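Enquirer: Sequence plus the predicted model coming up.
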Amino acid sequence: MNSISIVDILIVLAKAIFVMAATLKLAALNTWIERKASALIQNRIGANRASILGFDLAGIFNTLVADPVKALFKEDFVPRGVSQFMHSLAPFMGVFPILISLAVVPFGPPIILESRTVTLQLVNLNVGILYVFAMGSLAVYGTVLAGWVSKNKFSLFGSLRASAQMISYEITFGLSIIGLIAIYGTLDLNEIVNLQSGLVYGFLPNWGIFAFFPLNIIAFVIFFVSAMAETKRAPFDLPESESELVAGYFTEYSGMKFLLFWLGEFAEIVVAATLVVVLFFGGWQLPYLDLATIQPDLANTALSRFFNINFGVLDPYIGPIIAMHVFAVKVLLFCILQVIIRWTLPRFRYDQLINLCWKIMLPIALVNVVVTCYFVATSGGN
């Protein structure tokens with residue numbers, strides 16, 4: 001094996017570790033945001049008891065240290081007569097597809113390392129959107145298996161609700177972006193982000209939400225509502241509504257298995273926020289500034305002269321670094337928005353949940369697709 005192949009493998013491994021670590025850390029951070037945001041909304045203190053050397057950092061240690069340690073040492077309860085393997089497989093099937101779905105998401109412009117162009121994306125697929133949707137659709141098997149294998153009627157009811165809900169909203173989820181695909185003419189997420197550079201109408205960012213205004217605003221609303229329904233969180237938390245089903249499909253789970261389901265739920269928030277940012281809000285793009293080509297002259301700055309160090313070698317990397325932070329801030333904002341909605345709106349009844357999808361959102365999505373495709377065809381594409 002030559003040195004170039006080894007370097008390429010190391011680059012892929014580094015990107016894989018980065019994507020996985022960022023997803024898990026952001027999902028874990030969302031658990032803290034959830035507890036503190038809900039406390040602020042309900043006028044209470046929230047997580048604040050556990051501390052290290054007298055510092056609790058607004059509940060960070062409580063949520064990200066004490067709770068996981070407590071879950072690690074809790075008893076792994078398995079109902080009598082249930083397969084240990086199948087019982088353990090359900091949380092894995094519920095989390096794994098969600099975590100790997102972000103492999104095709106671009107989180108910054110390419111970086112030039114000597115003679116090698118490194119894309120800030122784990123895998124660049126020309127059908128990236130289909131890959132994300134395919135991985136998301138596999139998560140339903142984890143919820144169904146958890147309810148079925150538990151031998152508990154409440155768990156079974158929760159898994160049936162989850163499967164009906166997730167399959168229903170996957171339809172509007174997919175329909176909402178068909179118009180966007182027609183506008184950009186590609187399924188490649190990297191290309192979609194690149195096409196959202198510049199301005200539209202002379203002053204608005206050329207993001208997906210403003211394309212063929214206001215049609216894509218309608219598509220965004222349908223997409224965002226469907227994404228929240230896919231996460232199975234309030235006001236769409238019928239599969240685990242504690243007032244009816246104890247805890248739904250994971251009633252018979254404890255310790256780290258329960259925590260895996262919980263982590264998967266917050267990872268779904270991250271995936272939903274990421275897709276919203278990539279498809280409708282320009283991904284890593286920043287309005288009025290081309291981060292892919294920005295070249296600051298750091299060699300002539302006061303900092304370089306003071307330390308007598310040529311910081312100009314960092315010039316090619318400033319744009320991608322800023323872009324990665326822009327992308328992270330956008331994703332975090334939409335994660336926070338989902339948490340706020342979850343603690344603001346009351347839960348739907350199940351008939352209302354299904355009627356919203358099939359009788360309201362589906363017809364609107366179909367009409368929006370037809371109208372958008374008509375305007376794309378008559379305007380000659382992009």
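Expert: Ah, there it is.

Enquirer: Give me the pLDDT for the residue nearest to the spatial centre of the chain.
Expert: The residue lying closest to the centre of the chain (C-alpha atoms, centre = their mean) is residue 271, at 1.4 Å. Residue 271 carries a pLDDT value of 95.

Enquirer: element containing it, please.
Expert: helix 255-280 (DSSP states H and E).

Enquirer: how about that helix: buried residues?
Expert: Going by neighbour count (16 or more other C-beta atoms under 10 Å), the buried part of helix 255-280 is 256-280. Any C-beta I mention is one placed from the backbone N, CA and C, and that applies to glycine too.

Enquirer: Check stretch 320-328 too.
Expert: Under 16+ other C-beta under 10 Å, the buried positions of stretch 320-328 are 320, 322, 323, 324, 326, 327, 328.

Enquirer: any residues touching it, and which ones?
Expert: 22, 107-111, 120, 277, 283-286, 291-292, 294 (C-beta atoms under 8 Å, 6 or more residues apart in numbering).

Enquirer: if we can go back for a sec, what helices and strands are in contact with the helix holding residue 271?
Expert: With contacts defined as 3 or more C-beta pairs under 8 Å, 6 or more residues apart in numbering; DSSP states H and E, helix 255-280 has these neighbours: helix 3-41, helix 67-72, helix 84-100, helix 128-149, helix 189-194, helix 215-230, helix 315-342.

Enquirer: Same list, these, but as CSV with mean pLDDT and distance to residue 161 please.
Expert: Output for these, formatted as CSV (pLDDT from 0 to 100; distance: least, C-beta to C-beta, whole Å):
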stretch, mean pLDDT, distance to residue 161
helix 3-41, 87, 22
helix 67-72, 87, 25
helix 84-100, 91, 15
helix 128-149, 91, 9
helix 189-194, 94, 31
helix 215-230, 95, 12
helix 315-342, 92, 17
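
Enquirer: Relative to residue 360, which of these is closest?
Expert: Ranking those by proximity to residue 360 (C-beta to C-beta) places helix 215-230 first, at 9.7 Å.

Enquirer: The closest one vs helix 315-342, what angle?
Expert: With axes from the mean of the first three to the mean of the last three C-alpha atoms, to 10 degrees defining the directions, helix 215-230 sits at 70 degrees from helix 315-342.
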